[in-house]
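Visitor: Sequence and predicted structure below; questions after.
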Amino acid sequence: MKNLLNKLLELSIRKISSTHFSYKRFLFQKIIQSDAKFIGIYGSRGVGKTTLMIQIAQNLQYNQDEILYISCDHPLLSNISLFELVDEFYKYGGKVVFIDEIHEAKNFEQELKSIYDFINIKIIFSGSSAIKITNPSFIRRYAMFHLPIFSLREYLELLLNLSLPSINLENLLTNHVDFSIKIQTALQEEKILKHFEAYLKHGAYPFYFANKENFTQMLLDTINAILYKDLTPIYNLSGEKITTLKKLLTSLCLSEPYELSIENLAKKVGISKTTLYKYINLLHKAELLTHIIYEAKRFRSLQKPDKLYLANSNLYHILCLTPKIGSIRESFFVSQILGANLSLYYVNKGDFLVNEQYLFEIGDKNKDFSQIKEISNSFVAADGIETGFKNKIPLWLFGFLY
């Protein structure tokens, strides 16, 4: 174990010292300020979990041999007990261990719990989105942080080397005209609608900036990695089931925004309704699709269909040649609202109810209030406008919620 630890320390020092990525995502400061003993970072592949962990490691005021970064998909760690490794590191003065891709480790739940119970050391770990949902004990025992896709604000900051403030929802609704003008002033000659259109195609994942020419293939590879490396080991999926999941994603990509007909979708994909519900749940956990329920279903049993979207607008552009503009707009709105950790349901009048009090209709610049004119706290999120007026707000501005 000592020889293995020495090799892992060597790799750790090399990884931490050789990674240079100056842009820090919004969670960086929150995690740095947390005094939790165990911190979990979960999110979809490609959103920057590893980079965030390395940046946190670089910020710590410890000696190099007091910090250990490991990735559980490394061959050296196959069939190695995390508990024994961390215990060995602690005995030699270790202070902090960063455990990347923890879902790749054998019996990671029990190993992590044993470390928590018996070793006085700080652990920061990352893993697939599915982990947090399948393990309720994580919520009780560890400080869990969700890292979503890039917001439009983060994309613009990195693209244009700017510092742009995030806006909480209440301030956005009250002062959206002022915020729109201030942001456009900060962009100077850059046009917000041009950059918004680009974001919808390739702005959701930080790795776009590492290799812009190969973004399409990289995102396809990311989707396959989620299906084959994240979901397959956790849920023991066969190749046939993976093929069906891909078919389900493609079917959603080709559809208009619609209230989900389980019967029709199951028939199109070629599976039973029971199996379809199971697959929807898996893809929702993996953050490849988003499952939105009808607002009143929270309170009583209704035979009301739900809505499904691909998890972000980039996926629409990758998985079908001519994505529906309505789907892209609504997917963007949903992804930014949920990325800001706000609640969201769909409703009969309008499109979405946010935080149980604000009603939104999503559409183009000509969208009016005819469907929601008699409802208080109702707004139109309109595509194709730079600045709004009264309760009509530019759709792009919701990309500044985090």
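Guide: All right, it came through fine.

Visitor: and the helix or strand where residue 126 lies, what does it pack onto?
Guide: Residue 126 is located in strand 122-127, with elements delineated by DSSP states H and E. Under the contact criterion of 3 or more C-beta pairs under 8 Å, 6 or more residues apart in numbering; DSSP states H and E, strand 122-127 touches strand 38-42, helix 49-59, strand 96-100, helix 108-118. Heads up, the C-betas are built off the backbone N, CA and C, glycines and all.

Visitor: Residue 370: neighbouring residues, count only.
Guide: 7 (other C-beta atoms under 10 Å).

Visitor: now it, what's its secondary structure?
Guide: Assigned by DSSP: H, G, I helix; E, B strand; the rest coil, the conformation of residue 370 is coil.

Visitor: Export the helices and strands packed on strand 122-127 as JSON lines, with columns for mean pLDDT and distance to residue 72.
Guide: Below are the helices and strands packed on strand 122-127 laid out as JSON lines (pLDDT from 0 to 100; distance: least, C-beta to C-beta, whole Å):
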{"stretch": "strand 38-42", "mean pLDDT": "96", "distance to residue 72": "14"}
{"stretch": "helix 49-59", "mean pLDDT": "97", "distance to residue 72": "12"}
{"stretch": "strand 96-100", "mean pLDDT": "98", "distance to residue 72": "7"}
{"stretch": "helix 108-118", "mean pLDDT": "95", "distance to residue 72": "7"}
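
Visitor: With distance to residue 83 and mean neighbour count as new columns, can those be given to me in CSV?
Guide: Below are the helices and strands packed on strand 122-127 laid out as CSV (distance: least, C-beta to C-beta, whole Å; neighbours: other C-beta atoms under 10 Å):
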stretch, distance to residue 83, mean neighbour count
strand 38-42, 13, 22
helix 49-59, 20, 20
strand 96-100, 11, 22
helix 108-118, 5, 17
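
Visitor: Would you convert the ones you listed into CSV that also reports distance to residue 186?
Guide: Shown next, in CSV, are those (distance: least, C-beta to C-beta, whole Å):
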stretch, distance to residue 186
strand 38-42, 29
helix 49-59, 24
strand 96-100, 35
helix 108-118, 43
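
Visitor: which stretch among these comes nearest residue 293?
Guide: Nearest to residue 293, of all these, is strand 38-42, at 21.8 Å by C-beta to C-beta.

Visitor: residues in contact with the strand holding residue 126?
Guide: 31, 37-43, 49-50, 52-53, 56, 86, 95-103, 108, 112, 115-116 (C-beta atoms under 8 Å, 6 or more residues apart in numbering).

Visitor: again with stretch 208-217
Guide: 158, 159, 202, 205, 207, 218, 318.

Visitor: Report the contact partners of the third one.
Guide: Applying C-beta under 8 Å, 6+ apart to residue 202 gives the contacts 208, 212, 215, 314, 317.

Visitor: Pick out whichever of those residues sits closest to residue 274.
Guide: Nearest to residue 274 among the contacts of residue 202, with distances taken as C-beta to C-beta, is residue 314, at 30.6 Å.

Visitor: Skip the chain neighbours and tell me the closest residue to that closest one.
Guide: residue 204 (4.4 Å; C-beta to C-beta, 6 or more residues apart in numbering).

Visitor: Now do that neighbour: how many residues are near it, please.
Guide: 27.

Visitor: Please, where are all the helices along the stretch 251-400 of the chain?
Guide: Taking DSSP state H, counting those that start in this stretch, the helices of the stretch 251-400 of the chain run over residues 262-269, 273-285, 313-319, 325-339.

Visitor: can you tell which of the ones you listed is closest to residue 391?
Guide: Closest among the helices of the stretch 251-400 of the chain, once you apply C-beta to C-beta, is helix 325-339, at 15.4 Å.

Visitor: can you give me how far that closest one is from the chain middle?
Guide: On the basis of C-alpha atoms, centre = their mean, to the nearest Å, helix 325-339 sits 13 Å off its chain's mean C-alpha point.

Visitor: hmm, back to that, so in that sheet, which strands flank the strand holding residue 126, and in what orientation?
Guide: strand 38-42 (parallel), strand 96-100 (parallel) (DSSP bridges).

Visitor: Tell me which of the ones you listed sits nearest to residue 8.
Guide: Of these, nearest to residue 8 by C-beta to C-beta is strand 96-100, at 10.1 Å.

Visitor: neighbouring contacts of that closest one?
Guide: Here strand 96-100 has contacts from 49-50, 53-54, 56-57, 60, 62, 66-72, 82, 86, 89, 105, 121-126, using C-beta under 8 Å, 6+ apart.

Visitor: related to what we said a few turns ago, out of the helices and strands packed on strand 122-127, the one nearest residue 27 is which?
Guide: helix 49-59 (6.4 Å).
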